[in-house]
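Visitor: pasting the sequence and the predicted coordinates here, then a few questions.
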Amino acid sequence: MFILPQTARFEQIVKKSRFLAIAIPVENEDEAKRRIAAHSTADANHNCWAWRLGQAYRFSDDGEPGGTAGKPILAAIEGQQVDKVAVVVTRWFGGVLLGTGGLVRAYGGTAAACLRAAELVPFTPTVLATAELGFSDLALVKARLAAIPDVRLVSEDFTATGASLTLQVPEAELEALSRLVSDLTSGRTMVKAAG
């Protein structure tokens, strides 16, 4: 999985129509909506878009025939394995009809070319997790967690019997981490997703 550290642009002409793709990093749905609106061009014929944030996504054909613009843009995002991104592809009609297949290729191809040309940074989806530890297990578990590169201690709140740890953990490693902590504490503690 990758993220986009900064806005990227790509432009091409397809059968006299001008296509401009702008890929924008976003952190949440409201930001995606605002940034799409800000990068849509009023004098263009169509401002089609798609965004993806983890498992959530949306797309719009903005007046093009259904399925010919938004879905191909989303497919380009997924094909390049980019998360936390919105892509707007703006079209200025050049007088030549492209047909549904041509529209799919033009919108999806412009979005994909924009993302391929962009600087992408590897990204590991993480979740917040908690563990309730007794004093007898605290030092050992903290030492083992500190040795795992992608696990980060967010907070440590002491209680009368030990401490409550909040951790930032790679989503794919949560189950393995829970097993590790359970093994280290002889089953007294499990790591659970927060919330």
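Guide: Great, that's in hand. Numbers count the residues shown, from 1 in each chain.

Visitor: centre of the chain to the helix or strand containing Trp49, how far?
Guide: In the assignment (DSSP states H and E), Trp49 maps to strand 46-53. Averaged C-alpha coordinates place strand 46-53 at 13 Å from its chain's average position (C-alpha atoms, centre = their mean, to the nearest Å).

Visitor: ok, what's across the strand from the closest residue in space to Leu74 that isn't next to it in sequence?
Guide: With sequence-adjacent residues excluded and distances taken as C-beta to C-beta, 6 or more residues apart in numbering, Leu74 is closest to Ala50, at 3.8 Å. Backbone N, C-alpha and C define where each C-beta goes, glycine included. Note on Ala50: beta-bridge partners Phe59, Val87, judged by DSSP bridges.

Visitor: can you count the residues close to Ala50?
Guide: The number of residues packed around Ala50, counting by other C-beta atoms under 10 Å, is 29.

Visitor: where does this protein have low pLDDT?
Guide: For the chain, the stretches flagged by pLDDT under 70 are 195.

Visitor: that older thread, hang on, the residue nearest to Leu74 packs against Ile73?
Guide: Yes. With the criterion set as C-beta atoms under 8 Å, Ala50 and Ile73 qualify as a contacting pair; they are 4.0 Å apart.

Visitor: common neighbours of the two, please.
Guide: With C-beta atoms under 8 Å, 6 or more residues apart in numbering applied, the overlap between the contact sets of Ala50 and Ile73 consists of 59, 87, 111.

Visitor: quick one: which of the residues you listed is nearest to Thr126?
Guide: Proximity of the shared contacts of Ala50 and Ile73 to Thr126 (C-beta to C-beta) peaks at Val87, which lies at 23.6 Å.

Visitor: quick one: residues contacting that closest one.
Guide: Under the contact definition (C-beta under 8 Å, 6+ apart), the residues listed for Val87 are 21-24, 49-51, 73, 76-77, 111, 114-115.

Visitor: in helices, which of those appear?
Guide: Among the contacts of Val87, the residues falling in helices (DSSP state H) are 73, 76-77, 111, 114-115.

Visitor: return the member of these nearest to Ala37.
Guide: Of all the ones in helices among the contacts of Val87, the one with the least separation from Ala37 (C-beta to C-beta) is Ile73, at 16.1 Å.

Visitor: who's in contact with the helix or strand harbouring Asp183?
Guide: Taking DSSP H and E as the criterion, Asp183 maps to helix 174-184. Contacts of helix 174-184 from elsewhere in the structure, counted by C-beta under 8 Å, 6+ apart, are 127, 129, 131, 137, 140-141, 144-145, 148, 151, 167, 169, 189-193.

Visitor: and those, which of them are buried?
Guide: Buried residues within the contacts of helix 174-184, counting neighbours by 16 or more other C-beta atoms under 10 Å: 129, 131, 137, 141, 145, 151, 167, 169, 189, 191.
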